[in-house]
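Undergrad: Just need the structure, nothing else, for what follows:
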Amino acid sequence: QLEEFLNFKRLKTSLKEAILLDYYTAGFLWAKEMNFSLIQLSGFMDLLNFLLENLRDKHMTLGDNLKELGRAMSGIGESDSERSGDLNLFSIEEAKAVIDYLSISLFKHYKQYQYLFHSPGEEFVISNE
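TA: Numbering: from 1, shown residues only. Model (predicted):
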């Protein structure tokens, strides 16, 4: 279903699409295991997409993307709504878990994702062998 939602048409021959489908699927399953509510799940998936768009479209460095994550997560747990970030739907413990997940899933492999998005050309899989 994610394949259809993401509008991936060349999943069997595109390594980029396969990697991205794996990234989103793993994130979705992790969020489900965390028992996030539907709103939290949606916010988490938006965050995954936001960070990937920063890397893909804006060519953000790891440091800049970490700053964007900090802005999005700022104010979590504070009662003053003006200081809260976009993701105030998470508790402090949930926000820590989200950051830990992003550290091992995206930021640890940031150079590989940079290569995926900004390498000169994509290699196509010719067959399943």
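Undergrad: Regarding the chain, what is its longest helix?
TA: Counting residues, the longest helix in the chain under DSSP state H turns out to be helix 38-58.
Undergrad: outside of the helix or strand that comes right after that helix, which residues touch it?
TA: Heading C-terminal from helix 38-58, the first helix or strand you meet, by DSSP states H and E, is helix 62-73. With contact meaning CB atoms under 8 Å, 6 or more residues apart in numbering, helix 62-73 is reached by 47, 50-51, 54-55, 60, 85-87, 90, 95, 98-99, 102, 107, 110. In short, each C-beta sits where N, CA and C put it, glycine included.
Undergrad: Looking at the residues you listed, which has the smallest pLDDT value?
TA: In terms of pLDDT, the lowest of these is residue 85, showing 51.
Undergrad: that older thread, mark which of the contacts of helix 62-73 are buried, thanks.
TA: Buried members of these, counted by 16 or more other CB atoms under 10 Å: 47, 51, 54-55, 60, 85, 87, 90, 95, 98, 102, 110.
Undergrad: List the contacts of the residue positioned nearest the centre of the chain.
TA: Centroid-nearest residue in the chain: residue 48, 2.1 Å away (criterion: CA atoms, centre = their mean). Under the criterion of CB under 8 Å, 6+ apart, the neighbours of residue 48 are 23-24, 27, 106.
Undergrad: same deal with residue 27?
TA: 44-45, 48, 101, 105 are the contacts of residue 27 under CB under 8 Å, 6+ apart.
Undergrad: Neighbour-wise, give me the winner out of those.
TA: Counting neighbours by other CB atoms under 10 Å, residue 44 leads those with 24 neighbours.
Undergrad: show me what contacts it?
TA: 27, 31, 36, 98.
Undergrad: follow-up on the earlier one: return the member of the contacts of helix 62-73 nearest to residue 117.
TA: Comparing these against residue 117 with CB to CB places residue 55 closest, at 6.2 Å.
Undergrad: Distance-wise, check residue 40 relative to residue 74.
TA: Going from residue 40 to residue 74 by CB to CB, to the nearest Å gives 17 Å.
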